[in-house]
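S.K.: Predicted model and sequence below, questions to follow.
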Amino acid sequence: MVIMDAHPTRRDNKQAIRPENMLEEIHIVRENERRRLSIEIHDGVAQWMIGTLYRIKACRSLLPQSDSDHLRNELSDIERTLQRSVKELRRIIADLRPFPLEELGLITALHQMAAVLEEETINCRFEVDGVLPVLSPAEERATFGIVQEALTNVRKHSKATRVSLRLRFQEQTISVVIKDNGVGFNPKNIADNQLRPSHIGLLGMKDTAALVGAYLKIHSSPGKGTSVKFAFPPASGQTHKRQEIGEGIV
């Protein structure tokens with residue numbers, strides 16, 4: 001099932017986009033990201049902390065009449081919750097920091113994102129096909145941003161154990177395909193405005209694709225995983241030397 005099907009804008013038309021329209025697109029992307037983060041913090045860390053506070057109060061009331069085993073079990077559960085909360089806070093803080101894309105280059109940055117999934121026991125296969133052309137800063141940021149959002153959704157919402165990330169340059173077109181074996185979701189939820197954190201991210205991806213006149217398509221069905229395809233003809237025809245981008249599988 002297709003949930004989004006955005007087609008590229010012709011380069012001559014894209015160049016004629018009025019500056020205020022592009023600024024509005026950027027504003028939408030930023031606002032979507034802020035909403036995603038606010039929902040993430042509220043429904044994740046904040047709720048865990050509140051639950052922990054209630055349990056601490058319960059332990060305090062149990063102290064006079066409880067045996068030590070009961071208290072030990074309660075405190076162990078509280079400790080695990082706090083550890084989980086701290087880990088989540090660190091992840092959110094890391095996500096808020098600007099990624100040094102200009103310093104690392106697109107391929108190295110994508111390798112690092114794939115490695116993060118591996119650290120969380122999600123097998124991530126990353127492939128690069130062809131010689132990557134020189135991209136404009138906007139094209140690099142858009143490509144990185146869409147892959148980052150897609151992999152964040154895999155890590156947080158899909159319950160996937162495997163994901164593949166493929167970057168290809170063929171027939172003057174750059175394409176990125178991300179596929180996972182996760183739980184998927186029902187596109188009707190988005191059509192009915194039943195927004196969830198992952199859905200807000202998907203809408204942000206659509207806006208990012210529009211900024212560079214790119215084609216974006218997302219397929220998903222419950223129980224059948226999700227695939228994201230992002231493609232566009234780069235403005236520059238100049239290519240990197242093969243040794244500069246490397247090829248590999250993570």
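M.R.: Cool, the structure landed. Residues are numbered from 1 along each chain as shown.
S.K.: next SSE after the helix or strand harbouring Arg80?
M.R.: Following DSSP states H and E, the helix or strand that holds Arg80 is helix 68-96. Going down the chain from helix 68-96, the next helix or strand is helix 101-104, by DSSP H and E.
S.K.: Setting aside sequence neighbours, what's the nearest residue to Arg168?
M.R.: Beyond its immediate neighbours in the sequence, the residue positioned closest to Arg168 (Cβ to Cβ, 6 or more residues apart in numbering) is Asp129, lying 4.1 Å away. The C-beta positions use only the backbone N, C-alpha and C, and glycine is treated the same way.
S.K.: surely that neighbour meets Leu165?
M.R.: No - Asp129 sits out of contact with Leu165 when judged by Cβ atoms under 8 Å, with a separation of 11.7 Å.
S.K.: Neighbour count for these two, which is higher?
M.R.: Applying other Cβ atoms under 10 Å to Asp129 and Leu165 shows that Leu165 carries more neighbours, namely 26 against 12.
S.K.: A strand includes that one, no?
M.R.: Yes - counting by DSSP: H, G, I helix; E, B strand; the rest coil, Leu165 is found in a strand.
S.K.: what sits against it?
M.R.: Contacts of Leu165 were listed using Cβ atoms under 8 Å, 6 or more residues apart in numbering, and they are Leu110, Ala114, Cys124, Arg125, Phe126, Glu127, Val147, Leu151, Val176, Val177, Ile178.
S.K.: Which members of these occur in strands, if any?
M.R.: Per DSSP state E, strands hold the following members of those: Cys124, Arg125, Phe126, Glu127, Val176, Val177, Ile178.
S.K.: Pretty sure Pro234 sits in a helix.
M.R.: No - with three-state DSSP as the criterion, Pro234 is located in coil rather than a helix.
S.K.: Could you find the closest non-adjacent residue to it?
M.R.: In space, not counting the residues next to it along the chain, Pro234 is nearest to Pro133; the distance is 4.9 Å by Cβ to Cβ, 6+ apart.
S.K.: State the distance from that neighbour to Ala150.
M.R.: Taking Cβ to Cβ, to the nearest Å as the measure, Pro133 falls 22 Å from Ala150.
S.K.: thinking again about what came up before, quick check: buried residues in the helix holding Arg80?
M.R.: Residues of helix 68-96 classed as buried under the neighbour-count rule (16 or more other Cβ atoms under 10 Å) are Glu74, Ile78, Ser85, Arg91.
S.K.: What of stretch 109-121?
M.R.: Ala109, Leu110, His111, Met113, Ala114, Val116, Leu117.
S.K.: Now tabulate the residues you listed in a markdown table and tack on pLDDT and distance to Ile50.
M.R.: Compiled in a markdown table, these are given as follows (pLDDT from 0 to 100; distance: Cβ to Cβ, whole Å):
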| residue | pLDDT | distance to Ile50 |
| --- | --- | --- |
| Ala109 | 89 | 36 |
| Leu110 | 92 | 37 |
| His111 | 90 | 38 |
| Met113 | 86 | 32 |
| Ala114 | 89 | 35 |
| Val116 | 84 | 28 |
| Leu117 | 87 | 29 |
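S.K.: show me where this structure has strands.
M.R.: Going by DSSP E, the chain shows strands at 2-6, 123-129, 162-170, 173-180, 215-220, 226-232.
S.K.: As CSV, these with mean pLDDT and distance to Met205 would be great.
M.R.: Supplementary listing: the strands of the chain in CSV, determined by pLDDT from 0 to 100; distance: least, Cβ to Cβ, whole Å:
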stretch, mean pLDDT, distance to Met205
strand 2-6, 57, 8
strand 123-129, 94, 18
strand 162-170, 94, 15
strand 173-180, 95, 11
strand 215-220, 91, 6
strand 226-232, 94, 7
